[in-house]
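**Student:** Structure here, sequence nowhere to be found:
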């Protein structure tokens, strides 16, 4: 608090008028003045602004005056013969008392807010406590003081001011302020959302008010509402319902207004991608085209979002299965060219697990990382052509792929390619393809419940009997025995 002062003396009436306009913190006055004495003036000033510090500076060294001054709340009583430094010291002490009072008030307000927030948190998560909080509710949460009212809990999330945590929290704070101004409610501001408790009558205009706030602040507001119920005892249930509906923001989008009743009956959608979807995923990854991958991701996620049984958990499981499929394909492609799989930390599922980004974005980011590794390690022009050939074979084991086709893929003469391929791999083309097919068959037998005939087809053999003979020759077991033992 800085200091400024009025340098000229004022008449009593003028002083009172200016006091009401300027509201000074410290007043220095004499006792004997025209119209009103200083002690009476101090009394009037204290009525107008109780925290005012009044210092009397007088020539009357009378104990009676000092007593009266103390009774009227005068801060200090100085004689006009006091040295200047004594007067300055009295003013500085008055200033410090004002600062101390202000700090104390701020601390009281902070403590009251903390107590209020703790009480509301307890009502939402633990319940009414059989009326044991009645007095505290009346004082700290006046909207909830009438136990027979019907209440509803909502969770709000604001976005659109920026992607970083600072701008998100700033948007939450701005929405919280406008909600308190426009909607009769009790609020609880959290890191990433706002909890709102309203009475039933406020719910009728809530949608319009939220749309108004959204336009005013130029932000997006997602709201998730629990059911309306009678009494404070319903707050815990309504809060739990709103929290469940709030998880659907990942699916519904940042501007939806969702109620628990809209999603309570959902049983969940698919949690695993199909073989056909996996084949399309591999084709998109092999194209090493971000546009193709984006097109596939958008179409796949859109199909899931159209499912009226979809839940956040089932969507997360489904997208996670796609990412796992992508990484398994990448492992096979890298293994085929003698490269190690990426470290496990590169497979982090943070964006999917946090559900902090739209599902399309989270999935695309994960798969784009897979595609980048494939481009750099397997398919790029700088990758040796034998490695590219091996990767091409690994991707097409289900087809009747000839040496001529592989040679054409890497732009080499078939005879030259055959010689170089054997020199680099130590195997003829046919021996290498058979080895890779058997390795893939072993993976499928351990990881997939598919029939033996289906697995034979997926590794390029239409004749199941011939496939079984080759498999036993390679592993010493029939496909059925291998699956049973592993």
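**Tutor:** Sure, I can see it. Nothing here was measured: the structure is a model prediction, and the numbers come from that model.

**Student:** Count the neighbours of the nearest residue to residue 445 once chain neighbours are set aside for me.
**Tutor:** Spatial nearest neighbour of residue 445, chain neighbours left out: residue 483 (4.5 Å); criterion: Cβ to Cβ, 6 or more residues apart in numbering. C-betas here are computed from N, CA, C, even on glycine. Neighbourhood size, residue 483 [other Cβ atoms under 10 Å]: 17.

**Student:** Same question for residue 373.
**Tutor:** Neighbour number of residue 373 under other Cβ under 10 Å is 19.

**Student:** How about the one 4 residues further on?
**Tutor:** With neighbours defined by other Cβ under 10 Å, the count for residue 377 comes to 18.

**Student:** Assumed it was part of a helix.
**Tutor:** Yes - counting by DSSP: H, G, I helix; E, B strand; the rest coil, residue 377 is part of a helix.

**Student:** Could you chop the protein up by domain?
**Tutor:** 12-102, 134-263, 275-379, 385-485 (automatic domain parsing).

**Student:** Strands of the stretch 201-350 of the chain, start to end?
**Tutor:** Using DSSP state E, counting those that start in this stretch, the strands of the stretch 201-350 of the chain run over residues 220-225, 229-230, 257-259.

**Student:** tell me which element the residue nearest to residue 445 falls in.
**Tutor:** Using DSSP states H and E, residue 483 sits within helix 479-485.

**Student:** Can you name every helix or strand that the longest helix anywhere in the chain contacts?
**Tutor:** Taking DSSP state H as the criterion, the chain has its longest helix at helix 84-125. Counting contacts by 3 or more Cβ pairs under 8 Å, 6 or more residues apart in numbering; DSSP states H and E, helix 84-125 packs against strand 26-29, strand 53-58, strand 76-79, helix 134-140, strand 186-189, strand 194-199, helix 235-246.

**Student:** could the ones you listed be laid out in a markdown table, adding distance to residue 160, mean pLDDT and mean neighbour count?
**Tutor:** Formatted as a markdown table, those follow (distance: least, Cβ to Cβ, whole Å; pLDDT from 0 to 100; neighbours: other Cβ atoms under 10 Å):
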| stretch | distance to residue 160 | mean pLDDT | mean neighbour count |
| --- | --- | --- | --- |
| strand 26-29 | 47 | 84 | 20 |
| strand 53-58 | 48 | 83 | 22 |
| strand 76-79 | 55 | 82 | 17 |
| helix 134-140 | 32 | 88 | 15 |
| strand 186-189 | 18 | 94 | 20 |
| strand 194-199 | 15 | 95 | 22 |
| helix 235-246 | 18 | 96 | 21 |
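
**Student:** out of those, which comes closest to residue 256?
**Tutor:** Taking Cβ to Cβ, helix 235-246 is the member of those nearest to residue 256, at 9.8 Å.

**Student:** thinking again about what came up before, I'd like the helices and strands packed on helix 84-125 laid out as CSV, including distance to residue 120.
**Tutor:** CSV is the format used below for these (distance: least, Cβ to Cβ, whole Å):
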stretch, distance to residue 120
strand 26-29, 40
strand 53-58, 37
strand 76-79, 44
helix 134-140, 8
strand 186-189, 5
strand 194-199, 7
helix 235-246, 9
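
**Student:** out of these, nearest to residue 210?
**Tutor:** Using Cβ to Cβ, the helices and strands packed on helix 84-125 put strand 194-199 closest to residue 210, at 9.6 Å.

**Student:** and the angle for the closest one with helix 235-246?
**Tutor:** Between strand 194-199 and helix 235-246, the angle comes out at 130 degrees (axes from the mean of the first three to the mean of the last three Cα atoms, to 10 degrees).

**Student:** For strand 194-199, which outside residues touch it?
**Tutor:** Contact with strand 194-199 is made by 120, 124, 143-144, 149-158, 172, 175-176, 179, 183-189, 206, 235, 239, as judged by Cβ atoms under 8 Å, 6 or more residues apart in numbering.
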